[in-house]
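Trainee: sequence first, then the predicted structure, then my questions.
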Amino acid sequence: MNLIQKINLRGAALGLSSLSLAAALPLSITDANAQSLSPLSDYSVIVSGDFSTTSDVEGRTLVGGDLTGSNSMNLAIKLQNTVDSSTFTLQVAGDIVSGNSINLNAGSIELGGSISRNVNYNGGGSLVSNPGVSYDAIFAQLDAASSQLSGLASNSVASFPSSQPGPLVFSATPDDDGTAIFSYSGNDIFSNNYVQQIELDLNSASTVVINVSGTDIDWTSGNMVGSFTDLAVRESVIWNFYEAESIDFGSYNMMGQVLAPNATVTTSANIDGSIYAQNLTTTSEVHLPTYNGELVPEPSSLAMLGLSAFAFLMRRKRG
């Protein structure tokens, strides 16, 4: 029995909804961090605030604020024939406003507010009104995950071009659990004029965490190439922008899973992986894969998960 099956059985025994499962207590030290990142396995887009898009999302979408878009949106486009029509593939706590029709290609909508645009339910779904719905438990989980990951000691290094343009290469040195951890500033990675390509040498790592410091991230140089273009690699690479308040990916294709709990993220290029942000504006597509890595936290991370969740909920209450 795998981790997700155990969590589902635990939730069913407690009579919890699918959303409440995310807040269930960890089954063990080993499971704690995997469970804290589990929403990135379930959703392509998770936004605690507002999400604005004029393009496509291949997986499920969860929005704590409002969903807006000036053009037609195509959602859940890679979930056809994989989910039941009653499964919520679009969940919005606020309103769905402005723009042309939404094409929901699989599943149904859960909506806490109002809707002012047409929906084409191409997967046979429907709209379920749920005033007052809250996804704070999910946001708290991912806040806690970002905080915990940012405190992990680096065990791997990257080489940067310095005298002439060239590749930035992340060289993994995984631990016994297969986890490689990097820590660098956003300016060094994304605003370095010498960086032409961004590459990853896995060295048999099964999970890669890249902790990125800095409050303002502006991607101005360097395309992701090599291993980053492999779907099986992207599903286990985590870009953790734990300090960021503003991120602009510009016209560069982000590859991997993105944690940016306090950031407003803007992009005009595709994101190949799941993303969690405070606010998200995109004119390009959000692609699969979702997260499929496995991390083993230190025992102290259990306390950190609880403290981070409490802090998040108190912050939301004050707001």
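Mentor: Done, it's in.
Trainee: contacts and neighbour counts: CA atoms only from here.
Mentor: Noted.
Trainee: state the helix or strand in which the residue of the chain most remote from its centre lies.
Mentor: In the chain, counting by Cα atoms, centre = their mean, residue 163 sits farthest out from the average C-alpha position, at 34.9 Å. Per DSSP states H and E, residue 163 falls between elements, in no helix or strand.
Trainee: contacts only, for it.
Mentor: Contact analysis of residue 163 by Cα atoms under 8 Å, 6 or more residues apart in numbering lists residue 194.
Trainee: tally of neighbours for residue 193?
Mentor: 17 (other Cα atoms under 10 Å).
Trainee: that one contacts residue 164, correct?
Mentor: No. In this structure, residue 193 is not within contact of residue 164 by Cα atoms under 8 Å, at 9.3 Å.
Trainee: can you give me the helices in the stretch 151-300 of the chain?
Mentor: 186-190, 231-234, 300-318 (DSSP state H, counting those that start in this stretch).
Trainee: now swap in the stretch 1-150 of the chain and tell me
Mentor: 3-14, 29-36, 38-42, 136-150.
Trainee: mean pLDDT lowest where, among those helices?
Mentor: Note on the helices of the stretch 1-150 of the chain: helix 3-14 shows the lowest mean pLDDT, a mean of 31.
Trainee: and the longest strand for the chain?
Mentor: The longest strand of the chain (DSSP state E) is strand 257-267.
Trainee: tell me who's in contact with residue 78.
Mentor: Here residue 78 is in contact with 58, 59 (Cα under 8 Å, 6+ apart).
Trainee: and the closest residue to residue 276 other than its chain neighbours, what does it touch?
Mentor: In space, and not counting its chain neighbours, residue 276 is closest to residue 46: 4.7 Å by Cα to Cα, 6 or more residues apart in numbering. Neighbour list for residue 46: 40, 61, 62, 63, 274, 275, 276, 277 [criterion: Cα under 8 Å, 6+ apart].
Trainee: repeat for residue 194
Mentor: Counting by Cα under 8 Å, 6+ apart, residue 194 has contacts 161, 162, 163, 164, 165, 166, 221.
Trainee: quickly note the distance from the nearest residue to the fourth one once chain neighbours are set aside to residue 223.
Mentor: Yep, that's residue 164 we're talking about. Spatially, and ignoring its direct neighbours in sequence, residue 164 is nearest to residue 194 (6.0 Å; Cα to Cα, 6+ apart). Per Cα to Cα, to the nearest Å, residue 194 is found 12 Å from residue 223.
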